[in-house]
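# Could you work out the structure for the sequence below:
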Amino acid sequence: MATTLVTGVAGFIGMHAADALLSRGDRVLGIDILNDYYDPRLKYARLERLSERHGRSFHFERVDFADRHDLDAVLSAHRFDRILHLGAQAGVRYSIDNPHAYVQSNLVGHLNLLEIARARRVEHLVYASSSSVYGGNRTFPFRVEDRVERPLSLYAATKKADELMSESYAHLYRLPQTGLRFFTVYGPWGRPDMVMWIFTRAILAGEPIALFNHGEMERDFTYVDDIVAGIVAALDRPPADDGSEKPGGSIGPHALYNIGNNRAEPLGRMIDLLEAEIGRPAIRRHLPMQPGDVSSTCAEIAPIQSQLGFVPRTTIDEGIPKFVRWYREFHGLDDQRGMSPTSSMATASPREMVG
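Numbers count the residues shown, from 1 in each chain. You can find the predicted model right below:
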């Protein structure tokens, strides 16, 4: 029975990935700092769900993986075979206002996990990158072969730096690694700072929604179940140390993949689907482009399809109603139970469009 260390396990993707691994019989050692970037109550609710569903197969430790000494102390009592490193300081806009948080979590934290993986000789380290690394890229759809040297935010720069650090460890220590560039992930248990949650909350409350770039935006919205299927497929298939060129260009045991829906969906179509499911129109407020944002994203996914068998199966026509139904249930909007939608958890500022 394999044991996987999952960082950021109380996060949106972390919880879903841990649940998938546990559901097939694996064990999960999860770590998370449980910070207040958004309301920690949602993070505690995710952890409670994992514990209720999986009992002793799931073990949680609260620790800051950017603190090397605390991390070493916590992990010294545990054995694990693989690492799924999903923890990070997320957010494009937040990186402009709080740059030091990104250096600590995304750079120092990533290095700490590389050192843990090297010292433990783990079978495979899979880590989260982001579509944000493409920045000012002019080719479309975005390909892992594209040069990504024009980050438009510090967040994007840290994610590209993580990929470079991982490449050096693959070369120096032959450490098998896979980096996954996520594209705008959404679904049940999502993040309150992401556009799907923000728009749903505002439409339900009869409040205006902010349409940056005057609504002329496209995103490769990817349902969380599809993302998790790709994560698990990657985790099970470490890149071979055979000298062949991997997706992303490495000749070491290090692969990079886009993981998205392979569709650039207009923002207006996403809003139309939210309106239809919620049953009321959105109040649209047109604004100029935010610093650090991009107008369009779309993942070219041929490498992950051919190498890992990844096939996105959920269109936004199916996924958005699923998210809205979960949102209503979680906040008790149909039966007046649950957390109030006016809580701080549900009223985050509109920081995010990019995944």
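# how close does the nearest residue to residue 142 once chain neighbours are set aside get to residue 260?
Nearest residue to residue 142 in three dimensions, chain neighbours excluded: residue 134, at 4.6 Å (CB to CB, 6 or more residues apart in numbering). Using the backbone N, CA and C atoms, a C-beta is placed for each residue, glycine as well. Per CB to CB, to the nearest Å, residue 134 is found 11 Å from residue 260.
# Can you check which residues contact both of those two?
residue 297 (CB atoms under 8 Å, 6 or more residues apart in numbering).
# what's the burial count for the residue nearest to residue 142?
Neighbour count of residue 134, defined by other CB atoms under 10 Å: 30.
# domains in this protein, as residue ranges please.
3-183+223-259, 186-219+262-297+314-346 (automatic domain parsing).
# ok now the last one, how far from the chain's centre?
Mean-position distance between domain 186-219+262-297+314-346 and its chain equals 17 Å (CA atoms, centre = their mean, to the nearest Å).
# now the longest one
On the basis of CA atoms, centre = their mean, domain 3-183+223-259 sits 8 Å off its chain's mean C-alpha point.
# Give the rounded mean pLDDT of that domain.
Domain 3-183+223-259 shows a mean pLDDT of 95.
# Give me the phi and psi angles of residue 266.
phi -60, psi 140 (degrees, to the nearest 10).
# hmm, I was thinking of residue 176
Torsion angles, degrees, to the nearest 10, at residue 176: phi -70, psi 130.
# Just give me the neighbour total for it.
For residue 176, the neighbour count with other CB under 10 Å is 22.
# do residue 164 as well
8.
# Shouldn't it be within a strand?
No: assessed with DSSP: H, G, I helix; E, B strand; the rest coil, residue 164 is helix; it does not lie in a strand.
# Could you single out the most deeply buried of the domains of the chain?
Comparing these by mean neighbour count (mean count of other CB atoms under 10 Å), domain 3-183+223-259 comes out on top with a mean of 20.
# still on that earlier bit, tell me which of the domains of the chain approaches residue 303 most closely.
domain 3-183+223-259 (3.8 Å; CB to CB).
# Straight-line length of the closest one, end to end?
End-to-end distance of domain 3-183+223-259: 24 Å, with CA to CA, to the nearest Å as the criterion.
# Stretch 53-71 too?
Using CA to CA, the two ends of stretch 53-71 sit 26 Å apart.
# And the helices in the stretch 101-250 of the chain?
All helices of the stretch 101-250 of the chain, identified by DSSP state H, counting those that start in this stretch, fall at 109-120, 154-173, 195-205, 224-235.
# what does the stretch 251-355 of the chain give?
267-278, 302-308, 316-330.
# and the closest residue to residue 241 other than its chain neighbours, backbone torsions?
Excluding the flanking residues, the one nearest residue 241 by CB to CB, 6+ apart is residue 253, at 4.1 Å. Residue 253 has phi and psi values of phi -80, psi 60 when expressed as degrees, to the nearest 10.
# Ok, residue 151 next?
According to degrees, to the nearest 10, residue 151 has phi -60, psi 140.
# and residue 117, what is it in contact with?
Neighbours of residue 117 in contact, by CB under 8 Å, 6+ apart: 83, 125, 169, 175, 177.
# which of these sit farthest apart?
Within the contacts of residue 117, 83 and 169 form the most distant pair, 12.1 Å apart (CB to CB).
# now the helices of the stretch 251-355 of the chain in a markdown table, with mean pLDDT and distance to residue 109?
What follows is these, written out as a markdown table (pLDDT from 0 to 100; distance: least, CB to CB, whole Å):
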| stretch | mean pLDDT | distance to residue 109 |
| --- | --- | --- |
| helix 267-278 | 96 | 32 |
| helix 302-308 | 97 | 25 |
| helix 316-330 | 97 | 29 |
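# Residue 231 is nearest to which of these?
Residue 231 lies closest to helix 302-308 among those, at 9.9 Å (CB to CB).
# What residues of that closest one count as buried?
303-304, 307-308 (16 or more other CB atoms under 10 Å).
# Pick the one among these closest to residue 94.
Using CB to CB, those come closest to residue 94 at residue 304, 28.1 Å.
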